[in-house]
Every structure is written in C-alpha cells, then in structure tokens.
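Engineer: This is a predicted model, with the sequence first.
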Amino acid sequence: MKKIVLIEDDADLYSLIQYNLEKESFQVAGLQTGKGALELCRREHPDLVILDVMLPEMDGLEICKAIRANTELAATPVIFLTARASETDRIVGLELGANDYIVKPFFVRELIARVKVHFRGDKPVNKILRAGDLELDRTRCVARLGVQELALTATEFKLLEFLMSRPGKVFSREQLLDAVWGHDRAVTDRTVDVYVLRLRQKIERDGSPAFIRSVRGFGYSFNLEVPQEQLQ
C-alpha cells in the first residue's frame, strides 16, 4: 500500500482529499499546518507528498526545499496544491523541486489521477524474499529456515521483512523504531537490540553467515554477503 503525506490547512478540503485517497487504497498521514511537516515526512517515509503552498507557520515552498535537501526524502514526489495560479508561481514551484503543480479550485478526480501517474511503472512488491536458506512469505506472513517454519511474533516478522527487503542498507535504531513500531510508540532504542537478538536466535545457525549485521556506531543491516534471491 502506497503511503501519502497530505499537508493542507483547509479542514474540509483535507477531509475530502483524505477520503478519496483512502477510497483508492492509499494510506494517508498528514497535518493542517506547515509546522512539523518535515518531521512527519521523515517519520513516515511517504511514497508521495501532497503539499499546500500557503500554510500557517511554514509555507509549502520552504517545506519542499527542506524535503529536497534531506537525503532520505530527496527523491520523494511532491505535488503542490495552491491558489497561486500565475506563470511565475508555477515556475518557482517547479524549480524548487515540485513534480506537479495543481491550482485551486480543482477536481478531486484529477488529483487522484495525477497521483496515480507518479506510481506508473513501479515494480510490484516481491511477495517472497529469500536469502540463503531463509525464506519470508509476505502474503502469508510466514518465515522459514530451510523446511522449518519459524515461530516469529508480528513485530519480529515486520523487523525481518524491513531489513530483508533492503539488503546492505544500514538503518539506525531510531529509523527501525519509526519503520517497525511507528511514531506512536512507548519503546526505546534498547528495544531494537532486544528484538534483533531474538531474531538472530531464531534465524541463524552455528557456522552459517549472519543474516543481520551490527554496524558499530550506526545500527543494523541485512547481510549482502548472504546469497540473495527474490521471487514474485
């Protein structure tokens, strides 16, 4: 499911857009003010941002600039929603890094269509991930080591799936907390260490390559040296 961050200060328009996006099976998180917008994007790691330009506390142009300056978010598509319709406004918005520019008033169906355009050509998510003799079935939420099915908790499965689907990339404990536990949480960095230890006890055998690497001073990654295979 694609995740969209929506930043729009008009409460009625926000609700209308949110309703129609969710009806199209998009996951929506958002704010009705510019304050905290960048932090929300950093927590949620959205697939796309819909951004009003004229916002209280911090305008959309500044938010877009901050998104493009952030290494984790720089490639995220941004669609501007705004009442500013002049040619100059459009050029400024696009030059700041917006992928699209929609002028108010607009048809919601047009917005949804433009959102979908940004996801055309996306590769389908792999249903099964494999590394060595470790297999993770995303559809059935089942993990196996060889022929043995592993007794993983839901959180252990989510943590393994997140790391396994991004082999070689190092994630800090804070990033893993955001991705697996979410930003509404009452856990600490130490929780990640505990869950990694539990996973290692379940998925690793004596003498076999370590699936989860500890990167001192940074965090954890899934081991690229384990042979990788991904099937649809």
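Structural biologist: That came through, no problem.
Engineer: residues touching residue 54, list them.
Structural biologist: By Cβ atoms under 8 Å, 6 or more residues apart in numbering, the contact list for residue 54 reads 9, 60, 82-84. In short, each C-beta sits where N, CA and C put it, glycine included.
Engineer: Next one, pLDDT for it please.
Structural biologist: In this model, residue 54 is scored at 91, pLDDT.
Engineer: so where's this protein shaky on pLDDT?
Structural biologist: Within the chain, the segments meeting pLDDT under 70 span 121-126, 183-185, 206-209, 225-232.
Engineer: Outline the domain layout of it.
Structural biologist: Domain segmentation of the chain under automatic domain parsing yields 3-117, 128-231.
Engineer: Tell me where the chain has strands.
Structural biologist: 3-7, 27-31, 48-52, 78-82, 100-103, 128-131, 134-137, 142-145, 148-149, 212-215, 219-222, 228-231 (DSSP state E).
Engineer: Please identify which of the ones you listed is closest to residue 157.
Structural biologist: Residue 157 lies closest to strand 142-145 among these, at 6.4 Å (Cβ to Cβ).
Engineer: would you put the C-alpha positions of that closest one in PDB?
Structural biologist: Presented in PDB, the C-alpha positions along strand 142-145 are these (Å, rounded to 0.1, in the frame of the first residue of the first chain):
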ATOM      1  CA  VAL A 142       5.300 -16.900   7.200                       C
ATOM      2  CA  ALA A 143       9.100 -17.200   7.600                       C
ATOM      3  CA  ARG A 144      11.100 -20.500   7.100                       C
ATOM      4  CA  LEU A 145      14.600 -21.600   7.600                       C
END
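Engineer: Pull out the buried positions in it.
Structural biologist: For strand 142-145, the neighbour count (16 or more other Cβ atoms under 10 Å) marks 143, 145 as buried.
Engineer: which residues are contacting it?
Structural biologist: Strand 142-145 is contacted from outside by 133-137, 149-150, 152, 157, 160, 202-203, 205, using Cβ under 8 Å, 6+ apart.
Engineer: one more time with 7 Å
Structural biologist: Here strand 142-145 makes contact (Cβ atoms under 7 Å, 6 or more residues apart in numbering) with 133-136, 149-150, 152, 157, 160, 203.
Engineer: Buried ones among these?
Structural biologist: Buried among the contacts of strand 142-145 (16+ other Cβ under 10 Å): 134-136, 150, 152, 157, 160, 203.
Engineer: From residue 62, how far out is residue 211?
Structural biologist: Residue 211 sits 42 Å away from residue 62, going by Cβ to Cβ, to the nearest Å.
Engineer: Of the two, which one has the most company?
Structural biologist: residue 211 (21 against 15; other Cβ atoms under 10 Å).
Engineer: Return the backbone torsion pair for the more buried one.
Structural biologist: Dihedral angles of residue 211 (phi, psi; degrees, to the nearest 10) stand at phi -70, psi -40.
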